[in-house]
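Peer 1: Predicted model follows, preceded by the sequence.
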Amino acid sequence: MKIHFLGTAAAEGFPNAFCRCDYCNKARALGGKNIRTRSSAIIDDVIKFDYSPDSYMQALRDNIDYSLIEHMLVTHTHSDHFNASDLECRREGIAHNLHHPMHIYGNDAVMYHTRKSIGRFEGARYAFHLLRPFETFEVGDARVTPLLADHDRMETCYLYAVEKNGKRLLYGHDSGWFPDATWAWLKDKNMDCAILDCTHGFTGKARDRNHMCVETVLEAQREFRKHNILQQDGKIVVTHFSHNSKLLHGEFEEIFNPAGIIPAYDGLILYI
């Protein structure tokens, strides 16, 4: 399974284009892995998580052919994760020589915003799928289960467990400490890789809400080991970083490398 990280920042990007804090200024000066766009990732070039406002630029930057995308798994409708109106660029008359629909999966808010933006073009170019928590479904040659996140009390936000070609991936953000039902489902799943939210730096909260911090990620790693959620040689990758974390990429590496945790950066490609 190929995992390509398109964007690894929180909602405001890193640096925030409007911000002149020390960390945004340092990120601009250092460049490279410190320049982060809004969060998204793609599996094997055909299954995409979310569609951020930066998706068009990410495709150009990383030379990705979005016409290959067959399935889009949407976590929630916050503006940094789902820019539904931009998907109109895939409609007939605008995009040519496409031979399959894009299947869009998500909660009822995702269905509402997507149909409001592009529903009139549904036809052969789009197919909409309303999901229910913990109900597994087929996505091409993959099996996907939407799990509950702790992120926004006004929306049912999803994490995704994906099994494909004998490998298991947890796409685990945006979320703080997982709800009990999600922890119960994950027990003994022996994932090959878990991608976690690390929006915040150090907060002193081992089980933070809405988003994870450094301490929450490390606590989650201990929980994974305790309940056989991750294989012994399984990878934990952290992403969705905010400039308010007051940490640059090298500092995230110093914090997480001793624990065997990988801080993602835009353009990172991993294989599991």
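Peer 2: That came through fine. Numbering: from 1, shown residues only.
Peer 1: Tell me how many other residues crowd the residue nearest to residue 214 when sequence neighbours are not counted.
Peer 2: Beyond its immediate neighbours in the sequence, the residue positioned closest to residue 214 (C-beta to C-beta, 6 or more residues apart in numbering) is residue 202, lying 5.2 Å away. Backbone N, C-alpha and C define where each C-beta goes, glycine included. The local packing count at residue 202 equals 12, with neighbours defined by other C-beta atoms under 10 Å.
Peer 1: isn't residue 202 right next to residue 212, touching?
Peer 2: No. Here residue 202 does not reach residue 212: they are 11.8 Å apart, not a contact under C-beta atoms under 8 Å.
Peer 1: before we move on, the earlier item: need the pLDDT of the residue nearest to residue 214.
Peer 2: For residue 202, the model assigns a pLDDT of 96.
Peer 1: That one falls within a helix, correct?
Peer 2: No. Assessed with DSSP: H, G, I helix; E, B strand; the rest coil, residue 202 is coil; it does not lie in a helix.
Peer 1: Tell me who's in contact with the nearest residue to residue 89 once chain neighbours are set aside.
Peer 2: If you skip the residues right next to it in sequence, residue 89 has residue 95 as its closest partner in space, 6.3 Å away by C-beta to C-beta, 6+ apart. The neighbourhood of residue 95, defined by C-beta atoms under 8 Å, 6 or more residues apart in numbering, consists of 67, 89, 125.
Peer 1: Could you pick out the buried ones from those?
Peer 2: With neighbours counted using 16 or more other C-beta atoms under 10 Å, these contain these buried positions: residue 125.
Peer 1: from the contacts of residue 95, which is closest to residue 133?
Peer 2: residue 125 (28.0 Å; C-beta to C-beta).
Peer 1: I figured that closest one was touching residue 89, is that so?
Peer 2: No. Residue 125 is not in contact with residue 89 according to C-beta under 8 Å; the separation is 10.5 Å.
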